[in-house]
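# Any chance you can model this:
(one chain, ligands or ions: 1)
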Amino acid sequence: MEELTCYLPIKVVFGNGKLRELGDYVKNYGDKAFLAIDPYLDKIGLGDEVIALLKKFSIETIKYTDIEPNPVCFGADKAAQIAKKEGSQVVIGIGGGSTIDFAKGVAIIATHPGKCWDYTERTDQEVLRPTDKTLPIIAIPTTAGTGSEVTLYAVFNNPQIKEKSTIFSDKIFPKVTIVDPELMYSMPPRLTALTGIDALSHAIESYINIHANSYSKMLAIESIKLVAEYLPVAVANGKNKEARGKMAWASTLAGMAIAHVGTVLPHALGQPVSGFCGAAHGGSIASCLAKVLEFSFTADFSRFAEVAEAMDPAVKCLPLREKAEKSAKLVQRLLKDTNSEVTFSDFGLREQDIDKVTNIALTAYFMDIANHPKQVTKEDIQRLYRECMS
Ligand SMILES: [Fe+2]
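Sure thing, here's the model as predicted:
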């Protein structure tokens, strides 16, 4: 009999137009809100719209937009001091994964000692742990990919050492997540594609994770099916409401799956390149997902065959090994169909950087490597980096 634990202490509100209900949720946590919003979204008026929505509930809002893609840990430290000074009682994050992760960092540092980087999970430092003092977080994703709105992770970039690391704590589960697909309609095709591949990778990685269980697999397999069917449609026509809604749901499910079991080797390889070269997160994952599956499918034919069948039911009749091998090919086909074929070289990774990024992977992403279904050596990682450069 399988034993498992499910824990997702988040109210997830899903549906078109649900942003308008934001005030109903924020008011439960206080009347002083800190709003971290993607600068582009603020520029097109969303920041003011949200402030007006909250004003109706007598909620005073401090807006903060100095947020970069691959959020910088020092930026969260700076914003947290403002939140602290203003007496903010709740932190709202509106944007892609970078903005939501940024909001999580602010929620910790506004009420805790130390710096944001001290809270990231690494083997080379004593890790500080957030407590119940962490400010309540409300997350509103505007891309379908990050999953951060339903996870206990926040990834930060430290430009001083050109590395990314992850805060990992159940104190940063958002209290409320509003997934409103209408907010995703204006995403351009490239962003739709690469964030969608990130969602697919969350789903596949959690499905093949050695700790996957019946619950996480149920979430992940549905997500894989949805991304395979609807990502090409959303990329081809961003106004297709059905495809946007299905991708938003796929991303939420994949996020819930990684909240339970985490990611594995593709994120362990992609994140160091993202930190070292400044690559967009989705692009760094798109560079290596298919190659990692090709390298790994022999570790568990049944599991990889199930991934392939979820992506394309037509492979059902193939022999097991062949079907498992198809998982990498089907991901490759999806990358092609969505114009997402990229390599690590496209982001500036060079041969002489391979030792550096390999060491980062082993230092900051050791859990992803340990949970991968195939045992991985340092040499395997170096070889995979090399293969993913072309
Ligand atoms: Fe990701």
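# Okay, now stretch 344-354: how far is its last residue from its first?
Stretch 344-354 has an end-to-end distance of 11 Å (criterion: CA to CA, to the nearest Å).
# cool, and stretch 314-325?
Stretch 314-325 end-to-end distance (CA to CA) = 14 Å.
# I'd like the distance from it to the chain centre, please.
29 Å (CA atoms, centre = their mean, to the nearest Å).
# Buried residues in that stretch, which are they?
Buried residues in stretch 314-325, counted by 16 or more other CB atoms under 10 Å: Val315, Lys323, Ala324, Glu325. From N, CA and C alone the C-beta is placed, and that goes for glycine too.
# Format those as CSV; extra columns: pLDDT, secondary structure and distance to Glu163.
CSV is the format used below for the buried residues of stretch 314-325 (pLDDT from 0 to 100; DSSP: H, G, I helix; E, B strand; the rest coil; distance: CB to CB, whole Å):
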residue, pLDDT, secondary structure, distance to Glu163
Val315, 98, helix, 39
Lys323, 98, helix, 38
Ala324, 98, helix, 34
Glu325, 98, helix, 34
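# Save those as CSV, and put in distance to Ser390 too.
What follows is the buried residues of stretch 314-325, written out as CSV (distance: CB to CB, whole Å):
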residue, distance to Ser390
Val315, 27
Lys323, 27
Ala324, 25
Glu325, 21
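# Just give me the closest of these to Tyr215.
Proximity of the buried residues of stretch 314-325 to Tyr215 was ranked by CB to CB; the top entry is Ala324 with 23.0 Å.
# give the contact list for that closest one.
The contact partners of Ala324, by CB atoms under 8 Å, 6 or more residues apart in numbering, come to Phe297, Thr298, Asp300, Phe301, Ser302, Arg303, Phe304, Ala305, Ala308.
# Report pLDDT for the residue nearest to Pro130 when sequence neighbours are not counted.
Counting by CB to CB, 6 or more residues apart in numbering, Pro130 lies nearest to Lys171, which is 4.1 Å off, once chain neighbours are set aside. pLDDT for Lys171: 98.
# Equivalent analysis for the one 10 residues further on, please.
Pro181 carries a pLDDT value of 98.
# now swap in Tyr215 and tell me
In this model, Tyr215 carries a pLDDT of 97.
# Now for it, how many residues are close by?
When neighbours are counted by other CB atoms under 10 Å, Tyr215 registers 17.
# In a helix, it, correct?
Yes. Assessed with DSSP: H, G, I helix; E, B strand; the rest coil, Tyr215 lies in a helix.
# can you tell me which residues contact it?
Leu4, Cys6, His260.
# ChimeraX command for the buried members of those?
Filtering those down to the buried ones (16+ other CB under 10 Å) takes a single ChimeraX command:
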select :260
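# follow-up on the earlier one: among the contacts of Ala324, which pair sits farthest apart?
Most distant of the contacts of Ala324, by CB to CB, are Thr298 and Ala308, 13.8 Å apart.
# Tell me the one among the buried residues of stretch 314-325 nearest to Ala286.
Glu325 (20.1 Å).
# hang on, that closest one packs against Phe297?
Yes. With contact defined as CB atoms under 8 Å, Glu325 counts as touching Phe297 (5.6 Å).
# what do those two both touch?
Joint contacts of Glu325 and Phe297 (CB under 8 Å, 6+ apart) are Phe304.
# Looking at Thr298 and Ala308, which has the bigger crowd around it?
Ala308 (26 against 13).
# who's in contact with the helix or strand harbouring the more buried one?
Secondary structure from DSSP states H and E places Ala308 in helix 301-311. By CB under 8 Å, 6+ apart, the list of residues contacting helix 301-311 from outside reads 204, 207-208, 212, 221, 224-225, 228, 293, 296-297, 315-316, 320-321, 323-327, 330-331, 334, 373.
# Same check on stretch 218-226?
Against stretch 218-226 from outside (CB under 8 Å, 6+ apart): 199-200, 202-204, 206-207, 212, 246-247, 249-251, 253-254, 256-257, 260, 306-307, 310-311.
# Can you tell me the centre-most residue of this structure?
Thr146 (3.0 Å; CA atoms, centre = their mean).
# I'd say that one and Gly97 touch.
Yes. Counting by CB under 8 Å, Gly97 is a contact partner of Thr146 at 2.9 Å.
# Please identify every residue contacting each of those two.
Common neighbours of Thr146 and Gly97 (CB under 8 Å, 6+ apart) are Asp198, His281.
# that older thread, could you identify the buried members of the contacts of stretch 218-226?
199-200, 202-204, 206-207, 212, 246-247, 249-251, 253-254, 256-257, 260, 306-307, 310-311.
# mind showing which ranges of the chain have poor pLDDT?
Of all residues in the chain, none has pLDDT under 70.
# Show me where it has its strands.
Counting by DSSP state E, the chain has strands at residues 11-14, 32-37, 60-64, 90-95, 137-141, 153-158, 163-168, 176-179.
# Put together CSV for those, with mean neighbour count and distance to Met187 on each row.
Putting the strands of the chain into CSV (neighbours: other CB atoms under 10 Å; distance: least, CB to CB, whole Å) gives the following:
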stretch, mean neighbour count, distance to Met187
strand 11-14, 15, 17
strand 32-37, 26, 16
strand 60-64, 19, 22
strand 90-95, 29, 11
strand 137-141, 29, 11
strand 153-158, 25, 20
strand 163-168, 24, 23
strand 176-179, 24, 14
